[in-house]
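> Quick one: sequence and predicted model below, then my questions.
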Amino acid sequence: MLDVSLARAVRVDRDDDVALLLDPVAAGDVVAVDDERVVARVDIPIGHKIAVRAVAAGAPVRRYRSPIGFARSPIAAGEHVHVHNVATALVGEDAYRYAPALPPAPEPRVEPGFAGYVRADGSVATRNEIWVLPTVGCVGRLGERIAAQAGPRHAGRIDGVHAFNHPFGCSQLGDDLNRTGAILAALACNPNAGGVVLLGLGCESNQLDAMLARLPADVLARVRTVRAQASADEFAEAMAAVDELAEAAAEAKRQAVPLSALRLGVKCGGSDSMSGLTANPLIGRMTDRVAAAGGTVLMTEIPEIFGAERMLMARCADEAVFDRLVEVTNRFKRYFLDHGEPVSENPSPGNIAGGITTLEEKSLGAVQKGGLATVCDVLDYGEPVRRAGLSVVDGPGNDAVSTTALAAAGATITLFSTGRGTPLGSPVPTMKIATNRDLATRKAGWIDFDASTVLDEGQDAAADALLARIVAVASGEPARNEVNEERAIGIWKSGVTL
């Protein structure tokens with residue numbers, strides 16, 4: 001066999017049964033795996049897996065030092081390992097035992113700060129904006145028209161005026177309605193909102209007064225309300241409210257703050273099999289550095305920890321936090337089962353095309369965004385952050401819904417790893433971290449950072465470079481979603497519609 005056919009692969013651990021291909025291979029190509037060589041038996045796309053040893057039918061298949069499923073049939077060395085010969089082992093709710101394995105305290109280090117806006121409650125914003133939040137979808141377009149006219153009017157004085165349309169707030173009942181009110185009220189509390197116009201219709205289920213009752217006094221001071229049905233000219237009234245809030249918000253100025261003031265959201269979307277090798281571990285480095293500095297990190301996407309949840313549970317700060325994470329995890333599994341769906345209904349078609357085979361594999365890559373930090377808290381959907389460190393937020397994997405949940409919990413900037421690419425943005429700067437160079441090159445207009453540099457430069461150099469980009473964006477440099485005017489919210493609806 002000629003060396004010209006040599007292709008590269010990466011095995012995370014020598015105990016793993018598979019290696020990830022960094023080059024596409026054809027049948028007969030020689031694949032270099034660490035200091036070994038494997039001959040490919042079939043054509044295998046880049047980013048997919050090749051077996052480095054034989055696996056018996058029914059035996060676990062290992063990647064990331066953990067099972068990602070079991071072999072449907074015997075797998076020979078050199079075979080393509082994917083959905084045709086590997087199946088998930090996830091079936092339902094699990095019993096968990098508190099077995100803490102807390103990480104050692106990190107070495108102290110001097111971290112760069114950023115220039116932020118210090119709010120009256122001591123929180124720090126990365127943006128100073130006016131947000132228009134409709135209580136109900138009936139006035140969503142009205143909010144967008146208000147923001148479109150008010151934004152240019154206040155350009156240069158504040159960082160922007162933005163409306164967040166959604167279709168909910170009416171024809172909802174019980175917990176479903178309560179969650180809509182909770183998420184919108186929590187968004188109003190985000191430090192990046194220097195002022196908030198709550199825009200109501202009047203007859204909706206999600207009443208303005210109930211929304212106001214959810215807000216603390218310091219937030220109420222920067223909130224104005226407009227009740228469209230009761231107003232002679234709701235557009236003029238809302239514009240006047242924006243003008244008043246912008247006048248007050250313009251008094252805030254950026255000032256130097258330490259990294260401990262950052263509230264960092266972390267998530268992934270449009271993942272591929274490189275996500276757990278490049279972007280997610282790199283984001284995990286950011287989690288560790290921000291948390292070690294005394295800052296706050298928020299992660300969500302509960303269905304995308306199934307199969308890897310014990311890694312987070314072992315890092316819970318105490319048994320009470322562990323119990324909350326168990327509750328949220330099994331509650332979400334029950335949510336699927338009660339709707340007649342398997343808990344393993346993931347990965348998506350795009351994930352599979354990118355080389356991810358099972359939910360376990362996806363989850364083992366996804367949880368790396370949490371780094372090695374201690375899990376200090378677990379928050380319900382729509383619940384604001386309570387303490388510094390790493391908090392897990394209840395919420396689904398859906399990109400729009402999960403990024404909104406992070407902003408509602410208090411994230412002032414979000415890192416979003418992606419292998420397939422997406423232009424989506426949330427209410428706060430949403431930095432896209434590409435898992436591979438092809439995506440970073442083809443969709444440069446979407447991508448803020450190319451995490452494939454870890455393959456050439458190593459994790460340490462890439463981490464320093466990414467942290468520098470985070471500091472720049474937190475200090476006012478626009479993220480790509482802001483340049484592209486990609487900002488939206490998604491609300492998690494779980495109940496009936498009247």
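It's in.

> The stretch 151-300 of the chain: strands as residue ranges?
160-163, 193-200, 223-227, 255-257, 263-268, 296-299 (DSSP state E, counting those that start in this stretch).

> Pull out the buried positions in the longest one.
Applying a neighbour-count criterion of 16 or more other C-beta atoms under 10 Å, one finds Ala193, Gly194, Gly195, Val196, Val197, Leu198, Leu199, Gly200 buried in strand 193-200. The way it works is simple: take the backbone N, C-alpha and C, and place the C-beta from them, glycine included.

> quick one on the thing from earlier: so which of the strands of the stretch 151-300 of the chain comes closest to Glu247?
When the strands of the stretch 151-300 of the chain are compared by C-beta to C-beta, strand 193-200 sits nearest Glu247, at 9.2 Å.

> Who are the packing partners of the closest one?
strand 129-134, helix 140-153, helix 174-188, helix 208-213, strand 223-227, helix 234-249 (3 or more C-beta pairs under 8 Å, 6 or more residues apart in numbering; DSSP states H and E).

> how does it look with 10 Å?
Applying 3 or more C-beta pairs under 10 Å, 6 or more residues apart in numbering; DSSP states H and E, one finds that strand 193-200 contacts strand 129-134, helix 140-153, strand 160-163, helix 174-188, helix 208-213, helix 217-220, strand 223-227, helix 234-249.

> Taking helix 174-188 as reference, get the angle to it.
Angle of strand 193-200 versus helix 174-188, following axes from the mean of the first three to the mean of the last three C-alpha atoms, to 10 degrees, is 140 degrees.

> Pairing partners for strand 193-200, with directions?
Sheet pairing of strand 193-200 (DSSP bridges) gives strand 129-134 (parallel), strand 223-227 (parallel).

> Quick check: which of these is buried the most?
Most buried of the strands paired with strand 193-200, by mean neighbour count (mean count of other C-beta atoms under 10 Å): strand 129-134, with a mean of 28.

> Let me see the mean pLDDT of that one.
Mean pLDDT, strand 129-134: 98.

> again, but for stretch 83-102
94.

> before we move on, what about stretch 490-498?
The model assigns stretch 490-498 a mean pLDDT of 91.

> same deal with stretch 381-400?
97.

> do the same with stretch 334-342
Taken as a whole, stretch 334-342 has a mean pLDDT of 92.

> can you point me to the longest helix in this structure?
Of all segments of type helix in the chain, defined using DSSP state H, the longest is helix 319-338.

> May I see the strands of the stretch 151-300 of the chain arranged in TSV, with mean pLDDT and distance to Gly445 as well?
Output for the strands of the stretch 151-300 of the chain, formatted as TSV (pLDDT from 0 to 100; distance: least, C-beta to C-beta, whole Å):
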stretch	mean pLDDT	distance to Gly445
strand 160-163	98	19
strand 193-200	98	27
strand 223-227	98	35
strand 255-257	98	30
strand 263-268	98	20
strand 296-299	98	27
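
> Would you format those as JSON lines with distance to Pro342 included?
Listed next are the strands of the stretch 151-300 of the chain as JSON lines, based on distance: least, C-beta to C-beta, whole Å:
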{"stretch": "strand 160-163", "distance to Pro342": "38"}
{"stretch": "strand 193-200", "distance to Pro342": "39"}
{"stretch": "strand 223-227", "distance to Pro342": "43"}
{"stretch": "strand 255-257", "distance to Pro342": "46"}
{"stretch": "strand 263-268", "distance to Pro342": "21"}
{"stretch": "strand 296-299", "distance to Pro342": "24"}
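
> of the ones you listed, which approaches Asn484 most closely?
strand 160-163 (13.4 Å).

> any idea which helix or strand comes after the helix or strand hosting Glu360?
Per DSSP states H and E, Glu360 falls inside helix 359-366. Next helix or strand after helix 359-366 toward the C-terminus (DSSP H and E): strand 375-379.

> Would you mind identifying the next helix or strand past that next one?
strand 389-393.

> Dump the helix or strand following that following strand to CSV, keeping only the CA atoms.
Using DSSP H and E, the helix or strand that directly follows strand 389-393 along the chain is helix 399-409. What follows is helix 399-409, C-alpha atoms only, in CSV (Å, rounded to 0.1, in the frame of the first residue of the first chain):
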residue,chain,number,x,y,z
ASP,A,399,-31.7,26.6,18.9
ALA,A,400,-34.2,29.6,19.1
VAL,A,401,-35.8,28.3,22.3
SER,A,402,-32.5,27.4,24.1
THR,A,403,-30.7,30.6,23.2
THR,A,404,-33.7,32.6,24.5
ALA,A,405,-33.7,30.5,27.7
LEU,A,406,-30.0,31.5,28.2
ALA,A,407,-30.7,35.2,27.7
ALA,A,408,-33.7,35.0,30.0
ALA,A,409,-31.5,33.3,32.7
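
> for helix 399-409, which positions count as buried?
Buried, per 16+ other C-beta under 10 Å, within helix 399-409: Asp399, Ala400, Val401, Ser402, Thr403, Thr404, Ala405, Leu406, Ala407, Ala408, Ala409.

> So which elements touch that helix?
helix 174-188, strand 263-268, strand 296-299, strand 375-379, strand 389-393, strand 413-418, strand 430-434.

> Residue ranges in this structure under the pLDDT threshold?
Along the chain, the model assigns pLDDT under 70 to residues 1-4.

> can you pull the contacts of Ile183?
Applying C-beta atoms under 10 Å, 6 or more residues apart in numbering, one finds that Ile183 lies in contact with 133, 166, 168, 381-383, 395, 401, 404-405, 407-409, 489-492.

> hang on, I meant Asn330
Residues near Asn330 by C-beta under 10 Å, 6+ apart: Gly92, Glu93, Asp94, Ala95, Tyr96, Glu309, Val343.

> if you set the cut-off to 6 Å instead, what comes out?
Asn330 sits next to Glu93 when contact means C-beta atoms under 6 Å, 6 or more residues apart in numbering.

> How about the one 4 residues further on?
By C-beta under 6 Å, 6+ apart, the contact set of Arg334 is empty.

> sorry, back to before: turn the buried residues of strand 193-200 into CSV, columns for distance to Arg480.
Formatted as CSV, the buried residues of strand 193-200 follow (distance: C-beta to C-beta, whole Å):
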residue, distance to Arg480
Ala193, 21
Gly194, 23
Gly195, 25
Val196, 25
Val197, 27
Leu198, 29
Leu199, 28
Gly200, 33
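
> ok, so of the residues you listed, who is nearest Asn481?
Taking C-beta to C-beta as the measure, Asn481 lies nearest Ala193 of the buried residues of strand 193-200, at 16.9 Å.

> For that closest one, give the beta-bridge partners.
So, taking DSSP bridges as the rule, Ala193 has Glu129 as bridge partners.

> is it true that it touches Trp131?
Yes: using C-beta atoms under 6 Å, Ala193 is in contact with Trp131, at 4.4 Å.

> quick revisit: pick out the most distant pair among the buried residues of strand 193-200.
Going by C-beta to C-beta, the pair spanning these furthest: Gly194 and Gly200, at 20.9 Å.

> And the strands in the stretch 1-150 of the chain?
Going by DSSP E, counting those that start in this stretch, the stretch 1-150 of the chain shows strands at 7-10, 18-21, 30-33, 36-39, 49-51, 60-63, 66-71, 80-81, 86-87, 114-118, 124-125, 129-134.
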